[in-house]
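Q: Sequence first, predicted model second:
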Amino acid sequence: MKTLALFTIFVLIFGTASASLANDAYAQTDPNILLRIAEQADKQISKQLERSYGDSIPSDIRSLFLQGHAAVESLEKSLPEDVEQARNDFLTAMKSFKQISKMISEPVGKAAVSKLTSVVDRDLSSELDRLEKHVENLKTISEKQNTKITFEEIDYLIGEAQNQIKDGTATPETINELKHLVDSIQKEISKSSSHSASDRIKQFVEKQLEIIDRKLTKASDAGADVTQIDNARDKISEIRSLIEESDISNAKIVFNQLNKLVKNIERSVR
Amino acid sequence: MNPEIVPTHRKESLGEDGMLFVRTEGIVDTMVKIPLLVAGMIIAAAMMPIQPSFSSPRTLDLIIYPDGLTHVSTEIDVDPFVTDYELDLFGSTIDNFVAVGENGFLLTADVVGNFALIETFGSSVISVEYDIHDLVSKQGRVWTFSLDAPSDFTLLLPKNSAIVGMANLPINMEIIDDKNQLTLSNGQAEINYLFSTNSIIPGPEDPLNPASAPDYLSYALIAGAVSAAAIGTAVVIRSKRKIVKSIQDKQSTQTTQKTETVDAETIFKLNPDIREDDKEIVKFISDNGGQALESELRKKFLQPRTTMWRAVKRLERNEIIEIEKKDLQNLVKLRKNVEKEE
């Protein structure tokens, strides 16, 4: 009996501990990835330096590059045995390369970070890619909801825009027109789903109200304040009538008030 | 069922003060072990990771487009007993926002500033997708992605982008449609990249990777079985050795004749940053008819296996050579189409 109890306890301890061990294992970085990324960065920075300065690389940048390059070599030597050293080398190398890339980009020293919102030149190809992805999402939703909305026009326009981008004749207006059309389709889907959404909300609220009603009965039996119980039941009736009138936003407000009230009642009888 | 206390020495007298002696053999053990076990359980419980709770993303995947906009798609566990869920967005400039419930239905959502109020009404899992302008900035030619991620996430970088700075250790990296995809841990992440025409990081193929390290025990067992079979057939092979050798010699001559000789000097001109020791290897392979076994390279340059393997991999990454498997050995061949990288 004693052995069995001890065995059970050990199983429990190792069972719980093994879960955290598994998570740690998942979080381990494959050290070879670090080498691949660092080597690529090393190569890119070397090319950038050659392009920007040729043979006359400024001494501070040269020193940073040598530091980063040495870290990459050290990283390569550290693998596969010394993973900890490899990690440190990776971070050192990438830190140096990052500094260099910023120095190359802004030789004046004053960095003016431009948020993309202010970038004037639009990448129409990227914009079209995103719109296509969005349209695919909407198609899936539309099929699920059986809206019977047709996507023929938008598909045609996307095809046209793709051709224009290939020919180099695409303009921002083409994309803007597409965006408007996509927005109107999304609104149409929302509108057509409002009926089923309303049913879903009614079901949800009714289910919740039944649960709350049972809680109130229990609290009442445990001697909760009668005024508060009555107040809660009034709110239940109010929510039901608001839902009947499809006044969802007000129903939500009263529902939240009711939830708070029920929590107070439950606390009072504990 | 009254507990019975058994005197240890019934025949002895209780003494003047009437002291009662009881059996104590197991008590010390029990007194020491139980607290230890309890402490062990407490430590184990403390070590346990916090279980995923409501509002923690199940998945988080990000795609950066060439213009720096980022597509976010995430699945989130939400409380099915509340009407709304307030989702913190990664910024305030949002396009193409869509929230879908677990049954695939579009959920009503209001995007206000940095958050979205989504009417969940009983959904326990929601999927959210949107495009965001705030995660990537540009300084000169360098693009910087930064995010304080609530969970581990994947990040698909644009085509032809090359990473030139990272403040974190990645968990994983894959190549998807000629794009680099990183898996990163939760917390603050910052990645600097720029666009280059040759930016794909070569895929994993290495014996250095501990994750893909072979199961030596299994290999030992297989090797044992194979060697036993090999010993049995060794006598037969030995007897035919002379004939096989002459055939191999003929084949080897034919292979050498077929292989196109690649000029080492051309390779050095196209790859000026090649290391001196690597140049020697390339020269040797070139003089050897454009190919050589890795074991031959080791013998020639008196290098240990790992050092030569690294050198060969380095040359492969620079697209100077290619590696083929031949009779369980690595055959290193100079690439026929060596092009200058951008």
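A: Received the coordinates, thanks.
Q: Do you know the pLDDT at the nearest residue to residue B:122 once chain neighbours are set aside?
A: Of all residues beyond its chain neighbours, the one nearest residue B:122 is residue A:204 (3.9 Å), with distances taken as CB to CB, 6 or more residues apart in numbering or on different chains. Every residue, glycine included, has its C-beta placed from N, CA and C. pLDDT for residue A:204: 85.
Q: Residue A:204: neighbouring residues, count only.
A: By the measure other CB atoms under 10 Å in any protein chain shown, the count of residues near residue A:204 is 21.
Q: how near is it to residue A:102?
A: Here residue A:204 is placed at a distance of 52 Å from residue A:102 (CB to CB, to the nearest Å).
Q: Show me where the stretch 101-250 of chain B has its strands.
A: Ranges of strands in the stretch 101-250 of chain B, per DSSP state E, counting those that start in this stretch, are B:109-112, B:115-119, B:125-132, B:136-139, B:142-149, B:153-156, B:161-166, B:172-176, B:179-184, B:187-195.
Q: So, low pLDDT: which residues of the chain?
A: As the question left the chain open, I've gone with chain A. Along chain A, the model assigns pLDDT under 70 to residues A:1-29, A:106-121.
Q: wrong chain, I was asking about chain B
A: In chain B, residues with pLDDT under 70: B:1-35, B:37-38, B:40-55, B:197-262, B:327-328, B:337-342.
Q: Next one: residue B:57 relative to residue B:149, how far apart?
A: From residue B:57 to residue B:149 the distance is 9 Å (CB to CB).
Q: Closest residue of the stretch 101-250 of chain A to chain B?
A: In the stretch 101-250 of chain A, the residue that lies nearest chain B is residue A:105 (2.4 Å; CB to the nearest CB).
Q: Could you look over the strands of the stretch 101-250 of chain B and pick the most buried one?
A: Of all the strands of the stretch 101-250 of chain B, strand B:161-166 carries the top mean neighbour count, a mean of 25, counting by mean count of other CB atoms under 10 Å in any protein chain shown.
Q: Return the alpha-carbon coordinates of that strand using PDB.
A: The C-alpha trace of strand B:161-166 is given here as PDB (Å, rounded to 0.1, in the frame of the first residue of the first chain):
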ATOM      1  CA  SER B 161      14.300  40.300 -48.500                       C
ATOM      2  CA  ALA B 162      17.500  39.600 -46.600                       C
ATOM      3  CA  ILE B 163      17.700  39.800 -42.800                       C
ATOM      4  CA  VAL B 164      20.500  42.100 -41.600                       C
ATOM      5  CA  GLY B 165      19.700  42.500 -38.000                       C
ATOM      6  CA  MET B 166      17.800  40.700 -35.200                       C
END
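Q: That strand - contacts with which helices or strands?
A: helix A:31-53, helix A:83-105, strand B:142-149, strand B:179-184, strand B:187-195 (3 or more CB pairs under 8 Å, 6 or more residues apart in numbering or on different chains; DSSP states H and E).
Q: quick revisit: same for the host helix or strand of the residue nearest to residue B:122, what does it pack against?
A: Taking DSSP states H and E as the definition, one finds residue A:204 inside helix A:172-221. For helix A:172-221, the packing partners by 3+ CB pairs under 8 Å, 6+ apart come out as helix A:124-145, helix A:152-167, helix A:226-244, helix A:248-268.
Q: if we go to 10 Å?
A: In terms of contacts (3 or more CB pairs under 10 Å, 6 or more residues apart in numbering or on different chains; DSSP states H and E), helix A:172-221 is packed against helix A:124-145, helix A:152-167, helix A:226-244, helix A:248-268, strand B:94-100, strand B:115-119.
Q: and the ones you listed as a markdown table, adding distance to residue B:84?
A: Output for those, formatted as a markdown table (distance: least, CB to CB, whole Å):
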| stretch | distance to residue B:84 |
| --- | --- |
| helix A:124-145 | 20 |
| helix A:152-167 | 31 |
| helix A:226-244 | 15 |
| helix A:248-268 | 7 |
| strand B:94-100 | 11 |
| strand B:115-119 | 6 |
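Q: out of those, which comes closest to residue A:195?
A: Checking those against residue A:195 by CB to CB gives helix A:124-145 as the closest, at 9.7 Å.
Q: mind checking how far the closest one is from the chain centre?
A: Helix A:124-145 sits 18 Å away from the centroid of its parent chain (CA atoms, centre = their mean, to the nearest Å).
Q: can you pull the contacts of residue A:200?
A: A:193, B:101, B:103, B:105, B:107, B:119, B:121, B:122, B:123 (CB atoms under 10 Å, 6 or more residues apart in numbering or on different chains).
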